[in-house]
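[1] Below are the sequence and a predicted model for it; my questions follow.
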Amino acid sequence: MKELKIKNFEVLPFKDTQAIETHKHMPKMHQLCVAVGKRASGKTTFLTNLLEHLPIDRLFIISPSMKSNKGLMDRLKGMCDEIDIFDDPDDVSCLEEIKGRIEQERDDLETYWEDIKRYNKMMKKVNSRHQFVDIDDEDMLSFFTAGRFQEPKHKWGGRKPCVSILIDDAQGSALYKGRKLNQFCIYHRHIGGFKKGGALGCSLFFAIQNYKSQSGGLSRTIRNNTTSLVVFKNKDEKEMKEISKEVNGEVDEETFNRVYDQAFDGEGEHNCLFIDLHKKKDQPSMFRRNLDTYLVL
C-alpha cells in the first residue's frame, strides 16, 4: 500500500504541565488506581504501601472502616488529617466537599502567588536608594508584622500540593451507584483549575472486592479510566476473564494469563499482580509482582 505524506499536518503532543514527578519506579500521577481482591486479600495494605512511596501532600479517605484501623491511620497520618476522612460512603455529598477543599487549596495558592508578587515589588521599593518612594499603604499593612516586613507564607511552600483520594470498603454504597463518582473520575485531573491554566487535580485509589458487580461496583466509566490495576488471587474464572477482557487494549489474554500465573508463583501470602497501563518509558515492564519485582516478558 502506498503512503503519501502531507507536510505540516503532523499530530504534535503537548507538554503535560500538570505532571507530578514521582520516583522512577513509581507510576505516573495523576493516577486512577484500582485494587481488586477478596476480603482480607491485602488490597488496603498494598495501596497504603503505594501511597507511602508517592509524593502525596494531602490524602482524602472515603471509608466506613478507616478511623477504626489504628495501624493504618498511624502510617497515613503524615498525609491525612482526621477532618479529611469521610466515613459514610452513602453520603455522596462528600465528593462535593472534597472538590471544594481541593479548590480551596487552589485559591490559597493563587492568593500566595499574588501576595508574593506584591511583597517582592514592595521590598524593591523599600530597599530603593531613592528618598521618595510611593509604597502602597495596603501593602505596608499586609506585610508589616511584629515590627518588621515578613514574606507571605504558604502551607506547601508556594508549590502545587499533590492531592489524592482513597476509597475503601465502599462497594454497594450510594457512592458507587450514582453519577457523581463517574463524573469525578472523568475530570479528576482538571479539578481546581488555575486562572493561568492547568489545575491541581487529584489521583484516586480504589480498594474493591469485585471488579464487576450488579450492585454498586466499579462502573464502566471508572474501569475505562483506570491507569493502573492491582489484581489479587481470584478463583472466580468468570471475573478473571472479565478483567482480562477489560485490559485487552493494552494486554492480550495470553499475556495476561502468563503474568498472572507468574505473579503468584512465589512465596507471599498477599502477592498481587500490579499492571501499570501507562508505565514510564524507562521502566522495564508494565507488570510486577507486588511493587518490588518487575515481570519482564
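    Looks like it arrived, so ask away. Owing to the predicted nature of the structure, the values given are computational and were not obtained by experimental measurement.
[2] Just checking, which helix or strand of the chain averages the lowest pLDDT?
    Every helix and strand in the chain was compared by mean pLDDT, DSSP states H and E; the lowest is helix 137-143, with a mean of 72.
[3] so how far is that helix off the chain centroid?
    In terms of C-alpha atoms, centre = their mean, to the nearest Å, the centre of helix 137-143 is set 38 Å apart from its chain centre.
[4] Which helix or strand lies directly C-terminal to it?
    Using DSSP states H and E, the next helix or strand after helix 137-143 towards the C-terminus is strand 144-145.
[5] returning to that earlier point: for the least confident helix or strand of the chain, buried residues please.
    With burial defined by 16 or more other C-beta atoms under 10 Å, the residues of helix 137-143 counted as buried are 139, 142-143. Where you see a C-beta, it was placed from the backbone N, CA and C, and this is true even at glycine.
[6] Which other helices and strands does the helix ranked longest in the chain contact?
    Counting residues, the longest helix found in the chain (DSSP state H) is helix 93-126. For helix 93-126, the helices and strands in contact under the criterion 3 or more C-beta pairs under 8 Å, 6 or more residues apart in numbering; DSSP states H and E are strand 58-62, strand 85-86, helix 137-143, strand 148-149, strand 163-168, helix 180-187.
[7] repeat that with 7 Å
    The contact analysis (3 or more C-beta pairs under 7 Å, 6 or more residues apart in numbering; DSSP states H and E) places helix 93-126 against helix 137-143, strand 163-168, helix 180-187.
[8] list the buried ones in that helix?
    Neighbour-count burial for helix 93-126, counted by 16+ other C-beta under 10 Å, picks out 94-95, 98-99, 101-102, 105-106, 109, 112, 115, 119, 122.
[9] Could you list the low-pLDDT ranges of this protein?
    Scanning the chain for pLDDT under 70 picks out the ranges 13-18, 129-133, 135, 140-141, 214-216, 248.
[10] Let's check: the centremost residue of it is which one?
    Geometric centre of the chain, nearest residue: Ser203, 1.7 Å, by C-alpha atoms, centre = their mean.
[11] who's that residue bridged to?
    Ser164 (DSSP bridges).
[12] which ones are touching it?
    For Ser203, the contacting residues are 29-32, 164, by C-beta atoms under 7 Å, 6 or more residues apart in numbering.
[13] one step back: what sits up against the least confident helix or strand of the chain?
    Against helix 137-143 from outside (C-beta under 7 Å, 6+ apart): 118-119, 122, 149-150.
[14] just stretch 144-153 next, same as before
    112, 115-116, 119, 123, 126, 143.
[15] hmm, try it at 10 Å
    Stretch 144-153 has contacts (C-beta atoms under 10 Å, 6 or more residues apart in numbering) with 111-120, 122-123, 126, 139-140, 142-143, 158.
[16] Could you give me the buried positions within it?
    Of the residues in stretch 144-153, Pro152 count as buried by neighbour count, 16+ other C-beta under 10 Å.
[17] Please apply the same query to stretch 246-258.
    When burial is assessed from 16+ other C-beta under 10 Å, stretch 246-258 yields the following buried residues: 246-247, 251, 255-256.
[18] And for stretch 262-277?
    Buried, per 16+ other C-beta under 10 Å, within stretch 262-277: 263, 271-277.
[19] hmm, back to that, same list, the contacts of Ser203, but as CSV with distance to Val230 please.
    Shown next, in CSV, are the contacts of Ser203 (distance: C-beta to C-beta, whole Å):
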residue, distance to Val230
Met29, 16
His30, 17
Gln31, 12
Leu32, 12
Ser164, 15
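[20] Nearest to Arg289 among those?
    Closest approach to Arg289 among these (C-beta to C-beta): Gln31, at 19.6 Å.
[21] returning to what we had before: from the buried residues of stretch 262-277, which land in helices?
    Using DSSP H, these in helices are Ala263.
[22] hmm, back to that, can I get the helices and strands packed on helix 93-126 in JSON lines including distance to Val36?
    Formatted as JSON lines, the helices and strands packed on helix 93-126 follow (distance: least, C-beta to C-beta, whole Å):
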{"stretch": "helix 137-143", "distance to Val36": "51"}
{"stretch": "strand 163-168", "distance to Val36": "12"}
{"stretch": "helix 180-187", "distance to Val36": "16"}
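[23] Figure out which of the ones you listed is closest to Ile62.
    Closest among the helices and strands packed on helix 93-126, once you apply C-beta to C-beta, is strand 163-168, at 4.7 Å.
[24] Many thanks, I have nothing further to ask.
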